[in-house]
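Visitor: here's a sequence, model it:
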Amino acid sequence: MVDKFFIKLYNFFSTRQRLLLIVFGVVFLVCIYLAFNLKFSEDISDFLPQGNQYSKVSGAISQASGNSRIFVYFSSKDSTFDIQSIKKSMDFFVKTAKQNDKKHYFNDLSSKVDQNQVGYLASFVQENIAYFVDSMSFSRIDSCLVNSDSILTATKKLLQQPVPSFIKQVANNDPLNIFTPILVGLKKINPTSNYSIDNGYVFDNQYKRGVVFFNSPVGMSESGNNAEIISALNDAIKITIGKYPDTEIRLFGPPVVAVCNAERIKKDTIATSIVSTLLILVVLWFSIRSVKNLTITALTLAFSFAAALSAAKLIFGEISLISVGISAVFTGIALNYPLHFITHFYHTGGNMSLNMREISAPLTTGNITTVVAFYSLMFADSPALKHLGFIGGSLLAACILVTLTVLPHVVNYVEIKKNENSFVFFDRIFCFLQKKVSNGFVDSLYCNFAK
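Guide: Numbers count the residues shown, from 1 in each chain. Next up is the predicted model:
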């Protein structure tokens, strides 16, 4: 049924080839325009399932593990460590980053830490103390009530002494010290064991490096926006080093690593795509042996990619860049359609009508099954897998459509005699390997039989 449709379409455009080429050119230009306006997401978490429950769990894990935190380390280039100079460079770096921050990425960036956070933590625990109480706490409550007078006297003396404000706050909220062991137990977490604080500035315990850190507002996995953040930080670093040449500044953190990995993936994807395309073109040349037909095949592939991306623009608006990179492996599958069409056209002796009758049915049948297999990924919970399946299915659908509508009117016939020795080099290689494998197999059987 489908093959008859393409045969009728071929007969219709046989006398209207100019109209067909104009329509193809206009559609191609529209697809290119839409493809260039497609937005790409570089969030590696797109390959993970999406949902309200997953988002909450992922957000909680990210906050607890500090995966979105970026660290900026300041140190001296020589062996001497001038702490005052490091403090000044830290202040200047933060000031510079905020002055050039047009997208408000660095609103929370500061060269000092808020030491009142300790008091906030104690207040949080006291406000939610019911969640921290265990069986040991009840026995302590009884003893505190029995000795309430002595405990209150000790608390009164404590408040009269010059102690930090957060200790006074804890004493006012819990004068009987009923829940003091719970607060003391927080020391076991000890998050600042490797760092020291000097007037709000954070240094390592050896006072060899100063540290400025903040949480990326877009999280760890969004490498596209994080690339802009890190680029802005690097610009601020260059300006700071220009003013303080004796200071060495380095960036570190999960978002920094994620951006570096994303950049590496982009470069590797482009390099492998170029190499694979060149190798495919070399192999195609041995089969097609026509510059025009080879160019037409390349244009068919380019149109198919443009059509798939333009369809993604209309349906999704934004797709995963990683999915687009992976879709480059579909090039070999897509090229099979024009390759089979052209080589079979050579086989029929240049009879296009016969070629359409013989090749339309097998090409469309094989294409439909493959397209349906790709589109089945649209039912996945992962956005990136949906995008991958949609691009793969749309790419192959567009390729078969161009192969059976446009190619019949533009390909050139190349006599088989000119092409009969195209694969002599490859035939010799395969014959050599076949002999080696066959001889090895026979020798193996002989040795086993002799044993």
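Visitor: SS state for residue 107?
Guide: coil (DSSP: H, G, I helix; E, B strand; the rest coil).
Visitor: report how many residues lie close to it.
Guide: By the measure other Cβ atoms under 10 Å, the count of residues near residue 107 is 10. Heads up, the C-betas are built off the backbone N, CA and C, glycines and all.
Visitor: for it, what are its contacts?
Guide: 101, 217 (Cβ atoms under 8 Å, 6 or more residues apart in numbering).
Visitor: roughly how far apart are the nearest residue to residue 215 once chain neighbours are set aside and residue 42?
Guide: The shortest distance from residue 215 to any non-neighbouring residue, by Cβ to Cβ, 6 or more residues apart in numbering, is to residue 68 (4.9 Å). When distance is defined by Cβ to Cβ, to the nearest Å, residue 68 is 15 Å away from residue 42.
Visitor: now residue 15, what's its secondary structure?
Guide: coil.
Visitor: ok, now which ones touch it?
Guide: So residue 15 contacts nothing (Cβ under 8 Å, 6+ apart).
Visitor: got phi/psi on it?
Guide: phi -100, psi 10 (degrees, to the nearest 10).
Visitor: listing partners with orientation, what would you give for the lengthiest strand in the chain?
Guide: Scanning the chain for the strand with the most residues, using DSSP state E, yields strand 69-76. Strand 69-76 pairs in its sheet with strand 210-215 (antiparallel), strand 247-252 (antiparallel), by DSSP bridges.
Visitor: avg pLDDT for the last one?
Guide: Pointing back at strand 247-252 there. Here strand 247-252 scores 86 as its mean pLDDT.
Visitor: could you pull out the buried residues of that strand?
Guide: Residues of strand 247-252 classed as buried: 247-249 (neighbour count, 16 or more other Cβ atoms under 10 Å).
Visitor: what residues does it touch?
Guide: 70-77, 85-86, 89, 93, 230, 233-234, 237, 240-241.
Visitor: just name the closest of the buried residues of strand 247-252 to residue 99, please.
Guide: residue 249 (16.9 Å; Cβ to Cβ).
Visitor: which one is residue 380 nearest to, not counting chain neighbours?
Guide: In this structure, residue 380 finds its nearest non-sequential neighbour in residue 386, 5.9 Å apart by Cβ to Cβ, 6+ apart.
Visitor: mean confidence for stretch 204-222?
Guide: The model assigns stretch 204-222 a mean pLDDT of 76.
Visitor: oh, that last question was meant for stretch 36-50, not what I typed.
Guide: 74.
Visitor: stretch 399-412 too?
Guide: 87.
Visitor: can you give me the end-to-end span of it?
Guide: 19 Å (Cα to Cα, to the nearest Å).
Visitor: identify the residues contacting that stretch?
Guide: By Cβ under 8 Å, 6+ apart, stretch 399-412 touches 6, 9-10, 13-14, 17, 20-21, 24, 290, 292-293, 296, 300-301, 303-304, 334, 337-338, 341-342, 345, 352, 355-356, 360, 363-364, 367.
Visitor: make JSON lines from the buried residues of strand 247-252 and add distance to residue 258 to it.
Guide: Formatted as JSON lines, those follow (distance: Cβ to Cβ, whole Å):
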{"residue": "247", "distance to residue 258": "26"}
{"residue": "248", "distance to residue 258": "23"}
{"residue": "249", "distance to residue 258": "20"}
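Visitor: closest to residue 177 out of these?
Guide: residue 249 (45.7 Å).
Visitor: that closest one pairs with what?
Guide: Here residue 249, judged by DSSP bridges, has bridge partners residue 74.
Visitor: specify the local secondary structure of residue 80.
Guide: Residue 80 ends up coil, using three-state DSSP.
Visitor: what about it, neighbour count?
Guide: So residue 80, with other Cβ under 10 Å, has 8 neighbours.
Visitor: mind checking the backbone torsions on it?
Guide: Torsion angles, degrees, to the nearest 10, at residue 80: phi -80, psi 140.
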